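Asks: no sequence for this one, just the structure:
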């Protein structure tokens, strides 16, 4: 399906929930897990002349994203037409893995449009392969005179842009390894063979995802 002019697309988001005690039943080879980041779910629409960063309610993101290198990513992607990425805009001043604020960054977890091709009907695993092809990752990040690496973020060469890693097994252990970090809310489980459907309604792509959130004072399963 062609996507040749701007139209808002709702990002794939889970509605169903599960408890961490139930994670093992999904650890059967049919799901992948990605960290659930504590930010704002959003969609980034890019073309040669446009960058729009929109939240999951079709509203404009008003937080400052000028230091996120969307332009560089688009220029290197090989796209001549639209590129649309779904991800998490980290704008809540949460602490990262080193216990310092990790803010005003973007984490990619899915791709919806690639060079004017709206990826309707494509499998999740194939879309993740597209992301890895057009946006290579590196093992670490240079900050000042330090080399910084992350356990549950994949680094790109683009300033303040990261990719969500995907895990295919050991979900219970993974959950335990991330829940003490402020930045991580839990896990999102996604069916590997699930196919993208039209995103013109908010819940179009919620049926192949399940979220497992850690309890907080405002949320308890």
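Replies: That came through fine. In this text the structure is predicted, and so the values were computed from the model without any measurement. Numbers count the residues shown, from 1 in each chain.

Asks: after the top strand by length along the chain comes which helix or strand?
Replies: Longest strand of the chain, by residue count under DSSP state E: strand 105-114. Downstream of strand 105-114, the next assigned helix or strand under DSSP states H and E is strand 117-118.

Asks: just the strands in the chain please.
Replies: For the chain, the strands defined by DSSP E cover 16-17, 31-37, 40-46, 51-55, 83-90, 105-114, 117-118, 137-138, 141-143, 146-148, 154-156, 161-163, 184-191, 209-213.

Asks: which other helices and strands contact the longest strand of the chain?
Replies: Strand 105-114 makes packing contacts with strand 40-46, strand 83-90, helix 124-134, strand 161-163 when contacts are defined by 3 or more Cβ pairs under 8 Å, 6 or more residues apart in numbering; DSSP states H and E. Quick note: C-beta positions are derived from backbone N, CA and C, even for glycine.

Asks: give the buried residues for the least confident helix or strand in the chain by mean pLDDT.
Replies: For the chain, counting by mean pLDDT, DSSP states H and E, strand 141-143 ranks last in confidence among helices and strands (a mean of 76). Within strand 141-143, the residues scored as buried using 16 or more other Cβ atoms under 10 Å are residue 141.

Asks: do the same with stretch 19-31
Replies: Buried-residue list, stretch 19-31, by 16+ other Cβ under 10 Å: 20, 23, 26-27, 31.

Asks: swap in stretch 128-135?
Replies: By neighbour count on 16+ other Cβ under 10 Å, the buried set for stretch 128-135 is 128, 130-131, 134-135.

Asks: now do stretch 70-87
Replies: Applying 16+ other Cβ under 10 Å to stretch 70-87 flags 70, 73-74, 77, 79, 81-87 as buried.

Asks: confidence score at the residue sitting furthest away from the middle of the chain?
Replies: Using Cα atoms, centre = their mean, the residue of the chain lying farthest from its centre is residue 145. It sits 28.4 Å away. Residue 145 carries a pLDDT value of 78.

Asks: so who does the spatially most central residue of the chain touch?
Replies: Nearest to the geometric centre of the chain sits residue 109, at 2.5 Å (Cα atoms, centre = their mean). Residue 109 makes contacts with 34, 86-88, 163-164, 188, as judged by Cβ atoms under 8 Å, 6 or more residues apart in numbering.
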